[in-house]
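Trainee: Sharing a model that was predicted from the sequence below.
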Number of protein chains: 2
Amino acid sequence: MLTDPDLVMSYRHDEADLVPYGTPSVVVRPRTTGQVSAVLRAASRHRVPVIPQGARSGLAGGANAIEGAIVLSLTAMNEIVDIDTENHIAVVQPGVVNAQLHRAVAEKGLYYPPDPGSWEQSTIGGNVSTDAGGMCCVKYGVTSEYVIGLEVVLASGEVLHCGRRTAKGVAGYDLTSLFVGSEGTLGVITEVTVRLRPAPEPALTLVAVFDTFAAAGAAVSGIVRSGLQPSMLEVIDRVTLSAIEAYRPMDLPTTAAALLIAAVDSGSRAPDDLARLAATCHEARAADVYVASDAAEADALLAARRLAHPALEQFAANLFPAGGGVMVDDVAVPRTRLVELIEGIERISTEHGMVVATVGHAGDGNLHPIIVIDRSDPVSIAQGQKVFDAIMSLGLSLGGTSTGEHGVGLLKRDWLAREIGPTGLKAHRSIKAALDPDNILNPGKIF
Amino acid sequence: MLTDPDLVMSYRHDEADLVPYGTPSVVVRPRTTGQVSAVLRAASRHRVPVIPQGARSGLAGGANAIEGAIVLSLTAMNEIVDIDTENHIAVVQPGVVNAQLHRAVAEKGLYYPPDPGSWEQSTIGGNVSTDAGGMCCVKYGVTSEYVIGLEVVLASGEVLHCGRRTAKGVAGYDLTSLFVGSEGTLGVITEVTVRLRPAPEPALTLVAVFDTFAAAGAAVSGIVRSGLQPSMLEVIDRVTLSAIEAYRPMDLPTTAAALLIAAVDSGSRAPDDLARLAATCHEARAADVYVASDAAEADALLAARRLAHPALEQFAANLFPAGGGVMVDDVAVPRTRLVELIEGIERISTEHGMVVATVGHAGDGNLHPIIVIDRSDPVSIAQGQKVFDAIMSLGLSLGGTSTGEHGVGLLKRDWLAREIGPTGLKAHRSIKAALDPDNILNPGKIF
C-alpha cells in the first residue's frame, strides 16, 4: 500500500494527453486475488471509487485516477501461471507484460499474437481491459479473439470465474467477452486464460513507397479486394517518417508521402503472395517496392514503426518548445473506405492549419491520426480539439467506429454516445448498474 | 399471426427429447423489425412471455414454448440484405437458413464457415442465439467468431444496434458477444452482420479406421500436439457407423470401432500435411488409413457424418418399436483429455447397460454421446438420465464444459449451475434483470 504523496502522484494518469485526472488517496498493489477481493469489499462498504491500473500506457485516459480514489495497481500480480503446450493455452496474472508472455510462449514454439505498440510495457490485464490490437491483427485478430476465460473480482468482492479451457464452449452468457474491453468498469481481472497458436514461420516483409498518401490507401484497398491475407499491413505517413528518422536515424525514405510495410508468413506460398502484394502496390502507382533482404532488415522496419509515438512526442517538443504535445486519435473504417479517410484527414489538417501525422494498421482500416499541438497555447489546443472532432465525425460518416483499439476511456465518451445512440447508452448503463450497483469501479469511464 | 390450434401445436418445441414444453396462445411471424418491436411492446405491457424461434432444430429445448406464451417465429424474416464482397461482410435477417447464406456467399468466392449439422434447416438467428458450431470449427471457429454486429429488439420494444462493420472496433461494451449465445433471453435478434472469409480451396480428405475408440482419441491428441491445423477432424463410433449404414447404405466400414475423418485445405502444403496426419494416425495404431480419391468421395463421407442424428433416431425406433428415442448430449473437454472422455463414456454405458452412440468434433474435444432410450419405459428413461448425468459429471471433472455448441436451454440448466457456481448464476441473473426487467423473454431458459 502506497500513501507517500510523491509515489501516489505517479499513479494519476495514463499516456493520454489533455484528459483530466485527480490524485488518488492511496495506491494498493495486491499480490493475490484474495487481496483484490478485500480491497473491493472495503471500497464497496465505504463507497470509495476504485481505479484498476496496469502499466498506464493507455491512450484514452481509461486508467486515470479521480480525486480521493483507491488506485488498484495490478502490476505486482505478474506471474505466468501455466503454459499448456498440448492444448495451446496460457493462464496468466494480469500484471504480466505482453512481450514477456509473447517470449515465454515463443520458447515453447507457440505464439500469442496481440501486439499493441506498447507491448514492452503494457500488461495483459490492461490489454484485456481495452481489447488491445496491434500489428498482427490484420491476420490474427485482436485480444478478444484470444481470451477464453477470466477470473474477475466483482465490485462486491465476490470472485467470478467465467469462460473455459476447452476449444469450444457455450455454457451461459459470454461474460468473458463482456469483461474484455470493459475498461475496468465491471470488475477487476485477476487471471486471464488465453489461447495460443502454433508459432508462424518467420515472415517475408515488403516495403512500398508512395508519392501520395491516398495511393498507399488505394494499394491497401486493392490488397483487401484481392483476398490476400498479409500478416501485417502498416502505413506510415511523411511527417511520421521524418519524426522517426530524426528520433533514431535509420535511412528511412523521408521524402516519400507514405510507406506501406506488408508481411506474409513464410512457407511455400509466401513468394507468390509477396509477388501479388508487390503487383498490387505497383498497380496503385507505388514509386518503389522492395523486399526486406533479411529478418534483421524486417525487424528494423518494425522497430521503426513502433517508434512512431515517442518520435512524434519528440517532434512536438522540438516544434513547440513551450509545450509540444500530441493528441492520439484512433479511428477505424471499412477497409475499402480507407482512401476517403486518408483524403479527409489531409483536408481537415489543411483547413485547420494543424500538423497531423498519421500512422496505422492500414490493413484493418484502422488509423492513428496524431495531432501535434502546442499545449502552452489555448488556441492550438482548441484547434487540435476541432481537428480531433472533425476526424471522429468523418470516421463515423464513413461507416466507421470512434475507436478501433485504444478504447473510450475519458477521451471519447461523447463520441461513444454519438456512435451507439441513446438505446445503446441505456443498455450500457443498465449492465453497469447490474454488476456494480454502487458505481465504485472506474466511475465515469466509457459513458 | 397464427391462432389455429393445429398450426400453433407445431410450434411447441424444438428437437430435444424429454424436455418439457407448453402450448403457446399465439404464433406471430413478423416480417419487419417494427413488427417485432410492436409485439415486444405489447408483451411487456401485458407481461406475456415471448419465445423467439427459428427452425426449431435446436437440441436443448431452448426454443420450447411455455403455456400461453407468444411464439415469435423469425423464419419469415429471411432476406440476405447485403453481401459486401470488398469488405468481406454479409448482413442478413435472422430467418436466413445457414446453407442458404453459405451458398450465396460461395457464389461470390467467399466463405461463411459455421456449419452446424442442421445447416440445411437451421437459421442464422438460431445459430447466433446458440452460438452454433459445426465441422469447420476446428480450424475456422464457431458462430461468435463471425458475428460482428447485431440489430436486437429489447424487451421494451426498443431497437438496439450493436457492433460494427469495420475489421476492428472497441467502442463500449461488447454487447454483440453478450447477445450471441444468450438463447433469446436478452433480446430478439432482427439483423446479423457477419464477417466472411475468402473461399478456401477444396479440401483433401483422409479417413482412418481404428480397432478401439480410444485409439482414435489418441490419434486426435497426437494431431493436436503436432500443431497441424486440419480444417475438419470428426469421429464416428461403431454404433453410429452401423446406424448410418442401415439408414443409407454406402459401404461404411461398420466393423471398425471408430472412424476419424480429417481434412486439410488444399494448397501447396496440403500433401505434406496429409502425410503427417496419416503418420500420426498410424502411430496411434490405425488399422487402415486412406485418402478420399476425389471430392465426390469426400462429400459422401461428410454427408454420412451429417446423417448421424436422423440415422440414430431410426436406429432407436427399430430397437424400441414402442417408443425409441435419443438423448443427445454435447460435452467438450480440453483436447488432450479426449481419450479419458471416450473411455469414460464407454465405461458409463457398460455400467448402466445402455447403448450410447458417440459422434463428434474430435478436433475440438467436443463429443455428442447419444443415449438410446425406450421412451415407453420409465426405467429406460431413468437409466438414460443417469448416463446423461454421469457423462456431464465426467466432462466437468476433466476440466470440460457442459455444452460445447448446443446450448443450455432447458436440458442443462442444472449443469450450468454446477459449472458456473452461485457467483456466476448471480451475474447471469443480474444481467438478465437489467435487460429484461419483467422477465418476458424466453423465461426459464439457461438458468
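Mentor: Structure received. Predicted model only: the values in this text are computed from it and were never measured. Numbers count the residues shown, from 1 in each chain, chains lettered A, B, ... in the order given.
Trainee: Report how far apart the opening and closing residues of stretch A:177-190 are.
Mentor: Distance across stretch A:177-190, first residue to last, is 15 Å (CA to CA, to the nearest Å).
Trainee: hmm, I was thinking of stretch A:160-175
Mentor: The first and last residues of stretch A:160-175 sit 10 Å apart, counting by CA to CA.
Trainee: Tell me the buried residues in stretch A:237-251?
Mentor: When burial is assessed from 16 or more other CB atoms under 10 Å in any protein chain shown, stretch A:237-251 yields the following buried residues: A:237-245, A:247. Every residue, glycine included, has its C-beta placed from N, CA and C.
Trainee: got JSON lines for those residues, with secondary structure and pLDDT too?
Mentor: Converted to JSON lines, those look like this (DSSP: H, G, I helix; E, B strand; the rest coil; pLDDT from 0 to 100):
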{"residue": "A:237", "secondary structure": "strand", "pLDDT": "96"}
{"residue": "A:238", "secondary structure": "helix", "pLDDT": "96"}
{"residue": "A:239", "secondary structure": "helix", "pLDDT": "96"}
{"residue": "A:240", "secondary structure": "helix", "pLDDT": "97"}
{"residue": "A:241", "secondary structure": "helix", "pLDDT": "96"}
{"residue": "A:242", "secondary structure": "helix", "pLDDT": "96"}
{"residue": "A:243", "secondary structure": "helix", "pLDDT": "97"}
{"residue": "A:244", "secondary structure": "helix", "pLDDT": "97"}
{"residue": "A:245", "secondary structure": "helix", "pLDDT": "96"}
{"residue": "A:247", "secondary structure": "helix", "pLDDT": "97"}
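Trainee: where does residue A:272 fall, phi/psi-wise?
Mentor: Dihedral pair for residue A:272: phi -60, psi -50, per degrees, to the nearest 10.
Trainee: ok, back up a step: mind putting the buried residues of stretch A:237-251 in TSV, distance to residue A:298 included?
Mentor: Converted to TSV, the buried residues of stretch A:237-251 look like this (distance: CB to CB, whole Å):
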residue	distance to residue A:298
A:237	21
A:238	22
A:239	23
A:240	19
A:241	17
A:242	22
A:243	21
A:244	16
A:245	18
A:247	20
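Trainee: Where does the stretch 151-300 of chain A get nearest to chain B, which residue?
Mentor: Here the stretch 151-300 of chain A gets closest to chain B at one residue, residue A:177, 3.4 Å apart by CB to the nearest CB.
Trainee: Give me the distance between the residue nearest to that residue when sequence neighbours are not counted and residue B:75.
Mentor: Of all residues not flanking residue A:177 in the chain, residue B:177 sits nearest, at 3.4 Å (CB to CB, 6 or more residues apart in numbering or on different chains). Distance, residue B:177 to residue B:75, by CB to CB, to the nearest Å: 25 Å.
Trainee: Same check on residue A:120?
Mentor: Distance, residue A:120 to residue B:75, by CB to CB: 52 Å.
Trainee: Compare those two (neighbour count), which wins?
Mentor: Taking neighbours as other CB atoms under 10 Å in any protein chain shown, residue A:120 and residue B:75 compare with residue B:75 leading, 18 against 14.
Trainee: need the contact list for the closest residue to the more buried one other than its chain neighbours.
Mentor: Excluding its sequence neighbours, the residue lying closest to residue B:75 (CB to CB, 6+ apart) is residue B:95, at 4.3 Å. Listed by CB atoms under 8 Å, 6 or more residues apart in numbering or on different chains, the contact set of residue B:95 reads B:54, B:74-78, B:123-125.
Trainee: Among those, find me the one that's closest to residue A:86.
Mentor: Of all these, residue A:86 sits closest to residue B:124, with 34.4 Å by CB to CB.
Trainee: just checking, that closest one touches residue B:101?
Mentor: Yes: using CB atoms under 8 Å, residue B:124 makes contact with residue B:101 at a distance of 6.1 Å.
Trainee: returning to what we had before: tell me the helices and strands packed up against the helix or strand where the residue of the stretch 151-300 of chain A closest to chain B lies.
Mentor: In the assignment (DSSP states H and E), residue A:177 maps to helix A:175-179. Counting contacts by 3 or more CB pairs under 8 Å, 6 or more residues apart in numbering or on different chains; DSSP states H and E, helix A:175-179 is packed against strand A:147-153, strand A:159-163, helix B:175-179, helix B:413-435.
Trainee: ok, residue A:419 - contacts?
Mentor: Residue A:419 makes contact with A:396, A:401-402, B:171-172, according to CB under 8 Å, 6+ apart.
Trainee: let's see it at 10 Å
Mentor: By CB atoms under 10 Å, 6 or more residues apart in numbering or on different chains, the contact set of residue A:419 is A:392, A:395-396, A:400-403, A:408, A:412, A:425, B:161, B:164, B:169, B:171-172.
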